[in-house]
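>>> This is a predicted model, with the sequence first.
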Amino acid sequence: MSTQAVGYHPKLPHVQWVDLEDNGVAVEVIVVKRDKNTGDLYHIRTDELDDIDKNRMIRILQRRDSGRYELWDLLANTTLGNGMNALEFFHQLVKVLTPSGQLLVPSAGRTGIALKVDPHAQQKRGPGRPPKDA
């Protein structure tokens, strides 16, 4: 399982298509944060937002500086029209996709573990092809 995006929205930063369930079906999500240490992907599914929340999020994503910062930081520094902090408001919708493919609700005490890649492991080169070292 990979937390890599399979496609990006052409006009809105932080909006990506991701195979959340490792089933070959991409889902549109808003990437709130990527944990560089563990590879966890904090996201909100766009199909779980109602029209009012979609419009609130679109206004934040269309800000001139939105592509330069993580959405987590943008939300933390935004006050919604209802007077609530945007990060506090949207945090209830955030889910975490771990590198191993687990979907979690963000909480203290749980995090994904970065997948380790063995740099010395031989990769298959196809049928009948010898390893590169040979």
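Ah, there it is.
>>> can you give me the strands for the protein?
For the chain, the strands defined by DSSP state E occupy 7-8, 15-18, 27-34, 41-45, 95-97, 103-104.
>>> can you redo those strands as a markdown table with distance to residue 64, mean neighbour count and mean pLDDT?
Heads up, the C-betas are built off the backbone N, CA and C, glycines and all. Putting the strands of the chain into a markdown table (distance: least, C-beta to C-beta, whole Å; neighbours: other C-beta atoms under 10 Å; pLDDT from 0 to 100) gives the following:
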| stretch | distance to residue 64 | mean neighbour count | mean pLDDT |
| --- | --- | --- | --- |
| strand 7-8 | 19 | 12 | 59 |
| strand 15-18 | 16 | 19 | 92 |
| strand 27-34 | 18 | 20 | 94 |
| strand 41-45 | 22 | 22 | 95 |
| strand 95-97 | 28 | 21 | 93 |
| strand 103-104 | 33 | 13 | 88 |
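>>> Which one of those lies nearest to residue 60?
Ranking the strands of the chain by proximity to residue 60 (C-beta to C-beta) places strand 27-34 first, at 9.5 Å.
>>> Could you spell out the sheet neighbours of that closest one, each with its direction?
strand 15-18 (antiparallel), strand 41-45 (antiparallel) (DSSP bridges).
>>> Could the C-alpha coordinates of the longest helix belonging to the chain be exported in PDB?
Longest among the helix segments of the chain by residue count, using DSSP state H, is helix 51-61. What follows is helix 51-61, C-alpha atoms only, in PDB (Å, rounded to 0.1, in the frame of the first residue of the first chain):
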ATOM      1  CA  ASP A  51     -22.100  22.100   0.200                       C
ATOM      2  CA  ILE A  52     -21.400  24.700   2.900                       C
ATOM      3  CA  ASP A  53     -18.200  23.000   4.000                       C
ATOM      4  CA  LYS A  54     -17.100  22.500   0.400                       C
ATOM      5  CA  ASN A  55     -17.500  26.200  -0.200                       C
ATOM      6  CA  ARG A  56     -15.600  27.100   3.000                       C
ATOM      7  CA  MET A  57     -12.700  24.800   2.000                       C
ATOM      8  CA  ILE A  58     -12.700  26.000  -1.600                       C
ATOM      9  CA  ARG A  59     -12.300  29.600  -0.400                       C
ATOM     10  CA  ILE A  60      -9.300  28.500   1.700                       C
ATOM     11  CA  LEU A  61      -7.800  26.500  -1.200                       C
END
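>>> No more questions from me, cheers.
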